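A.B. asks: Give the three-dimensional model of this entry:
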Amino acid sequence: MRRLFGLARSWWQHPAFDRGLRDMAGVSPGLAAWGLMTGVAMVKSGMSPFEAVAMSLLVFAGSSQLAAMPLIAAGAPLWVIMSTSFCVNLRFVVFSAHMRPYLMHLPLRWRLIQGYLTVDLSYVLFTRHYHHPPTTEPEKREQLAYLSGGSVLNWLSWQGASMVGIALANVIPTRWGLGFAGILALLGVGCSLASTQLRRVSAGVAGMAAVVAYALPLKLNIVVAIASAVALCLIIEETWPTAPGVRA
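C.D. replies: The predicted model follows:
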């Protein structure tokens, strides 16, 4: 335990931790607005404050919460709720596969903590700064410090706003639509990552596939979008391995 605490302290005291905080601070207001409306929506859907707080802390995935709430309110079977949440969160399988080389040197409990804290924006900001896994101890400390800084602020922003939304659910009307601010925050950071031709093409294909398959149940259009983009990228890499932007 003392060793693990020392490891965490080395991240918190690293300059990259503050850098991660600052980068996340630019988009945290949008996330907070999204978390606020998610907290309101959970209570409005019929959940008790205790259940809403537990879901916010344990699930910690806005899109999954929003997908599951209508099903919970409608009394859907547990397997339907779980399947829907699983499909919506399939993107985290991609995140996990990508982050594995960055985190496998950590003890299991720290990998679990980082896996819980790492969500869309902390993942996006991290991969925008660090394109390759660390090879030296200083690089490992720097990357983990940056990831921890962004993840901690992201968690605090979301949970704090969500708790306010749960407490004030009967005061804040859902028609305010503040959750759209979170979508704009994700969209802005996502667009900044489209730095190569291949990334722009894959993002466009994923978006079109998600729209075309929107009528599918259980949010399966997200799975279709991911599969379409991944398949296209694999085909392009095999067919035109030297094309501009393919290996960037």
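A.B. asks: From now on I want contacts and neighbour counts done on CA atoms only, so please keep to that.
C.D. replies: OK.
A.B. asks: and Ser85, what is it in contact with?
C.D. replies: Shown here is Ser85, whose contacts under the criterion C-alpha atoms under 8 Å, 6 or more residues apart in numbering are 64-65, 67-68.
A.B. asks: Take those residues and keep only those in strands.
C.D. replies: Filtering these for membership in strands, criterion DSSP state E, returns an empty set.
A.B. asks: between the residues you listed, which is nearest Pro77?
C.D. replies: Pro77 lies nearest to Ala68 out of those, by C-alpha to C-alpha, at 11.1 Å.
A.B. asks: Break this structure down into its structural domains.
C.D. replies: Segmentation of the chain into domains, based on automatic domain parsing, reads 2-193, 195-248.
A.B. asks: Out of those domains, which gets the lowest mean score?
C.D. replies: Here the lowest mean pLDDT among these goes to domain 195-248, at a mean of 77.
A.B. asks: Residues contacting stretch 72-80, please?
C.D. replies: Residues from elsewhere that reach stretch 72-80 (C-alpha under 8 Å, 6+ apart): 45-46, 71, 81, 218.
A.B. asks: how about 7 Å then?
C.D. replies: Taking C-alpha atoms under 7 Å, 6 or more residues apart in numbering as the criterion, the residues outside stretch 72-80 that touch it are 45-46.
A.B. asks: Endpoints of that stretch, how far apart?
C.D. replies: The first and last residues of stretch 72-80 sit 10 Å apart, counting by C-alpha to C-alpha, to the nearest Å.
A.B. asks: Could you tell me how far it lies from the centre of the chain?
C.D. replies: Taking C-alpha atoms, centre = their mean, to the nearest Å, one finds stretch 72-80 lying 24 Å from the centre of the chain it belongs to.
A.B. asks: Tell me the buried residues in it?
C.D. replies: By 16 or more other C-alpha atoms under 10 Å, the buried positions in stretch 72-80 come out as Ile72.
A.B. asks: In the chain, what residue spans correspond to strands?
C.D. replies: Defined through DSSP E, the strands belonging to the chain form an empty list.
A.B. asks: now, among the contacts of Ser85, which is nearest to Val94?
C.D. replies: The closest of those, once distances to Val94 are taken by C-alpha to C-alpha, is Ser64, at 16.1 Å.
A.B. asks: Touching, the closest one and Leu90? I think so.
C.D. replies: No. Here Ser64 does not reach Leu90: they are 10.2 Å apart, not a contact under C-alpha atoms under 7 Å.
A.B. asks: who has more neighbours, those two?
C.D. replies: A side-by-side neighbour count of Ser64 and Leu90, using other C-alpha atoms under 10 Å, places Ser64 first with 19 against 14.
A.B. asks: from the chain's centre, how far out does the helix ranked longest in the chain sit?
C.D. replies: Using DSSP state H to assign secondary structure, the helix with the most residues in the chain is helix 137-167. Remark: helix 137-167 is offset 11 Å from the chain centroid, using C-alpha atoms, centre = their mean.
A.B. asks: swap in stretch 17-35?
C.D. replies: Relative to the mean C-alpha coordinate of its chain, stretch 17-35 is positioned 13 Å out (C-alpha atoms, centre = their mean).
A.B. asks: From the opening residue of that stretch to its closing one, how far?
C.D. replies: Across stretch 17-35, the straight-line distance between its terminal residues is 23 Å, by C-alpha to C-alpha.
A.B. asks: Let me see the contact set for Ala68.
C.D. replies: 81, 84-85.
A.B. asks: Next one: Ala229 relative to Ala210, how far apart?
C.D. replies: Ala229 sits 10 Å away from Ala210 when distances are taken as C-alpha to C-alpha.
A.B. asks: again, but for Gly35
C.D. replies: 23 Å.
A.B. asks: ok, these two, which is more surrounded?
C.D. replies: Just comparing Gly35 and Ala210: by other C-alpha under 10 Å the higher neighbour count belongs to Gly35, 30 against 21.
A.B. asks: residues touching that one, list them.
C.D. replies: Remark: with contacts taken as C-alpha under 7 Å, 6+ apart, Gly35 is in contact with 158-159, 161-162.
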